[in-house]
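Chemist: requesting a structural model of the entry that follows:
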Amino acid sequence: MALPMPEYERYDALGLAELVARGEVSPRELVEAAIARIERDNPRLNAVVHTQFDRAHAEAARELPEGPFRGVPMLLKDLLAEDVGEPSTQSTRLLVGHLHEREAEMVRRFRRAGLVVLGRTNTPEFGIYGVTEPALRGPARNPWDTDHTPGGSSGGSGAAVAAGMVPVAHGGDGGGSIRIPAAHCGLVGLKPTRARNPAGPFSGERWGGLVCEHVLTRSVRDTAAMLDAVSGPDLGAPYHVLPPDRPFAEEVGAPTGRLRIAWTTRALFGKETHPDNVAAVHDAAALAEELGHEVEEALFDYDQAALVRAYFVIISAGVNQGVRAAGEVAGRTPRPADFEPPTWMLKRIADKLTAGEHAHARHTIQAAGRAIAPFFERYDVLLTPTTARPPARVGEFALSGKEKLLLNVLRALPARRLLLKALDDLADNALAATPNTMLFNMTGQPAISLPLSWNSAGLPIGTQWVGRFGDEATLLRLAAQLEVARPWLERRPEGRS
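Modeler: Purely as a prediction, here's the structure:
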C-alpha cells in the first residue's frame, strides 16, 4: 500500500518544518503521513501505546504557533509529559483510565514550538529499567532488529523515531533513559544539564534532581533547536542553570576549536564492556583525533560502590513517591498487586530507609559532583560507551524463577536486612548492560549519545560524549562536526526483521 508523502522519512523535524514554511506541504499532510506510518509499523514494534489522532487532525487544521517546528508531528513518552484530557499511565495498572486536567510545562512548550502531538510511547513501569518491557503494555521492539530491545526507559520513543513514524519524540532521563534508547536505535539523544529544561508544574525536581527531560531525534540540529524551544526555568522552579551565551541552534556548524577529549572504555558502574562497544569508542576517538582534537585515554577517580548504592537509594525514594502519588490520583491505597514486583520492592526498600540514609546518599552524590568537576577543567569532553553491551534480546532481562520467588518472599517478609541485600543484588544485575549513563545524572552534567557505529549484526552502538556542567554548547558543536564527518541521517532500518 502506498503511504502518503513517500519522502517523509528523508527529512528531520526542521526539514519538515521548512517544507511547511514554504507552503510545499501542510501540517495536516504531515499528520496523515505520520499516522500512516504508525499504523503500518506499530503492530510489529509496539512503540506507541496511546493515540490521539482526531485531536492531532484538529490541531493541525487550526492556526498553529509560528514556532521552529510548526506542523511537525511528535510523540510523548507515557511517563511525565502530562497532557490535558490524555492519559499518562507510567505503565502502571493503577493509573489506567486516568486523564490529566493540567498539562506539563514541557508539553506546553512543545506545542508553543508548533509541534503536533499524535500520542504516547511505551515505557517500563515508572521508567525504572534500561529495557522497555512493561507487564501492562508488553515489550517495545527495535526497528533495526525486532528480536532486540530499543532500550529504556524511553524505548518506545526511540523505536518510533528510528522507524520513521515521527522525526522527534519526547524522552525523560533519570539514569540514561534518553541516551540508552538513542544508542540502541541509532539516534541522537541529549540529556541536558540539570534544570536546563522545566519540571513543572507538578514537581520541583524528580528523583532528587536526577531526571531531565528532552527529546530523541535523528539530527543534531533538531536536538539543538528543540533545546532552544523548551529550555529555561518555569514558574516556581527551585533552581535553574545559567542561560547560554547564544541560541543552541547557532552552535551547529560553529567552529569547535581544538578540544581536549578524554576517553575510556571502562564500565563506569559495571564490570566489563563488550568488544563491540569498546571498538565503537576506539573508532570515535580516532575520528575525533582525525578532526584535529587532542585525544587521550583518561578518567577521574570515583568510589563506584558508594555511588551505586547512593543512586539506588535515591531511585528507591523516587519510586516510593511515585507509588504514593499514583495512589492519590487513583483515590485509594496502593497495593502490591497494582505494580510489578521490582517496583514494589523499591517502594518497600524506601519504606525501610531512614531519613539519615537518604541524606547521606544525597551528600555522596553531591560530593562526587564536586570531586569530578576538576577533571573537566583539564578536559573539555569525556568519551565513553553509552552502554556496555549491544542491544539485548527482548526478554533477556526478564525475572528468573528464583528472582520471582525472592521478590514474593520479600513481599511477605519485608525485613530491612533482606531488602537492602536485594537492593545490592539489583544494582549488580540492573547495571550490567547500562552502567555508563547514571553518573552524569548524579553530577548534573550534559551528555549526548551519538550514532557513529553499527556492529557486524547491523545493530547501532552509541558513544556517549559528556561536557562540563552547563556546557551543552561544546557538545553540540562537536556533535555537529562528527555528524558531518560520519553522516548517519540517511542510514535507515528498512528491510530489517
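
Chemist: and the longest helix belonging to the chain, how far from the chain's centre?
Modeler: Taking DSSP state H as the criterion, the chain has its longest helix at helix 304-330. Between the centre of helix 304-330 and the centre of its chain there are 18 Å (Cα atoms, centre = their mean, to the nearest Å).

Chemist: for that helix, packing partners?
Modeler: Packed against helix 304-330 by the contact rule (3 or more Cβ pairs under 8 Å, 6 or more residues apart in numbering; DSSP states H and E) you find helix 341-352, helix 355-372, helix 416-430, helix 438-443. From N, CA and C alone the C-beta is placed, and that goes for glycine too.

Chemist: again, 6 Å this time
Modeler: Helices and strands touching helix 304-330, by 3 or more Cβ pairs under 6 Å, 6 or more residues apart in numbering; DSSP states H and E, are helix 341-352, helix 355-372, helix 416-430.

Chemist: could you check the angle helix 341-352 makes with that helix?
Modeler: Computed by axes from the mean of the first three to the mean of the last three Cα atoms, to 10 degrees, the angle separating helix 304-330 from helix 341-352 equals 100 degrees.

Chemist: so which bits of helix 304-330 are buried?
Modeler: Burial within helix 304-330, assessed by neighbour count using 16 or more other Cβ atoms under 10 Å, is assigned to 307-323, 326-327, 330.

Chemist: confidence-wise, which of the helices and strands packed on helix 304-330 is weakest overall?
Modeler: For these, the weakest mean pLDDT is recorded on helix 416-430, namely a mean of 72.

Chemist: by contact count, what packs against it?
Modeler: The contact analysis (3+ Cβ pairs under 6 Å, 6+ apart) places helix 416-430 against helix 304-330, helix 341-352.

Chemist: what does it rub up against?
Modeler: Under the contact criterion Cβ atoms under 6 Å, 6 or more residues apart in numbering, helix 416-430 has outside partners 308, 312, 348-349, 352, 410.

Chemist: just those now: which is nearest Ala457?
Modeler: Ala457 has its nearest neighbour among the contacts of helix 416-430 in Val308, at 29.8 Å by Cβ to Cβ.

Chemist: pretty sure the closest one is touching Gly270, no?
Modeler: No. Between Val308 and Gly270 no contact is recorded; they are 9.3 Å apart, counting by Cβ atoms under 6 Å.

Chemist: show me how the record splits this structure into domains.
Modeler: 8-256+448-485, 304-373+398-430 (automatic domain parsing).

Chemist: about what we covered before: now render the helices and strands packed on helix 416-430 as CSV, adding distance to Glu296.
Modeler: Formatted as CSV, these follow (distance: least, Cβ to Cβ, whole Å):
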stretch, distance to Glu296
helix 304-330, 22
helix 341-352, 39
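
Chemist: mind checking those for the one nearest to Ala368?
Modeler: Proximity to Ala368 (Cβ to Cβ) singles out helix 304-330 among the helices and strands packed on helix 416-430, at 5.8 Å.

Chemist: give the rounded mean pLDDT of that closest one.
Modeler: 95.

Chemist: angle of it against helix 416-430?
Modeler: Going by the same axes, to 10 degrees, helix 304-330 makes 100 degrees with helix 416-430.

Chemist: what angle do helix 304-330 and helix 355-372 make?
Modeler: Using the same axes, to 10 degrees: helix 304-330 against helix 355-372 is 130 degrees.

Chemist: if we can go back for a sec, which one of the helices and strands packed on helix 416-430 lies closest to Gly171?
Modeler: Gly171 sits nearest to helix 304-330 of all those, at 17.0 Å, using Cβ to Cβ.

Chemist: and the helix or strand containing Thr384 with helix 355-372, angle?
Modeler: For Thr384, the host element (DSSP states H and E) is strand 381-385. If you take the same axes, to 10 degrees, strand 381-385 sits at 120 degrees to helix 355-372.

Chemist: ok, and what's touching strand 381-385?
Modeler: Strand 381-385 has contacts (Cβ under 6 Å, 6+ apart) with 259, 261-264, 273, 277, 281, 284, 436, 464-467.

Chemist: which one among those residues gets closest to Pro342?
Modeler: Asn436 (21.4 Å).

Chemist: follow-up on the earlier one: could you dump the contacts of helix 416-430 to TSV with distance to Leu482?
Modeler: Shown next, in TSV, are the contacts of helix 416-430 (distance: Cβ to Cβ, whole Å):
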residue	distance to Leu482
Val308	30
Phe312	33
Arg348	44
Ile349	40
Lys352	46
Leu410	46
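
Chemist: picking up where we left off before, okay if I get the domains of the chain as JSON lines plus distance to Arg389?
Modeler: Formatted as JSON lines, these follow (distance: least, Cβ to Cβ, whole Å):
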{"stretch": "domain 8-256+448-485", "distance to Arg389": "9"}
{"stretch": "domain 304-373+398-430", "distance to Arg389": "13"}
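
Chemist: which of those domains sits most buried?
Modeler: When the domains of the chain are scored by mean count of other Cβ atoms under 10 Å, the highest mean neighbour count falls to domain 8-256+448-485 (a mean of 23).

Chemist: that one - what's its average pLDDT?
Modeler: 97.

Chemist: circling back to that earlier point, make a markdown table out of the helices and strands packed on helix 304-330 and add distance to Gly156.
Modeler: Output for the helices and strands packed on helix 304-330, formatted as a markdown table (distance: least, Cβ to Cβ, whole Å):
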| stretch | distance to Gly156 |
| --- | --- |
| helix 341-352 | 18 |
| helix 355-372 | 29 |
| helix 416-430 | 20 |
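
Chemist: and the gap between the nearest residue to Gly322 once chain neighbours are set aside and Leu45?
Modeler: Using Cβ to Cβ, 6 or more residues apart in numbering and skipping residues adjacent in sequence, the residue nearest Gly322 is Phe126, 5.0 Å away. Distance, Phe126 to Leu45, by Cβ to Cβ, to the nearest Å: 22 Å.

Chemist: and what of Asp83?
Modeler: Plainly put, Asp83 is 22 Å away from Leu45 if you go by Cβ to Cβ.

Chemist: now do the strands in the chain.
Modeler: Secondary structure of the chain by DSSP state E: the strands cover 48-51, 73-77, 116-121, 168-173, 188-191, 212-217, 260-263, 294-297, 381-385, 447-454, 460-467.
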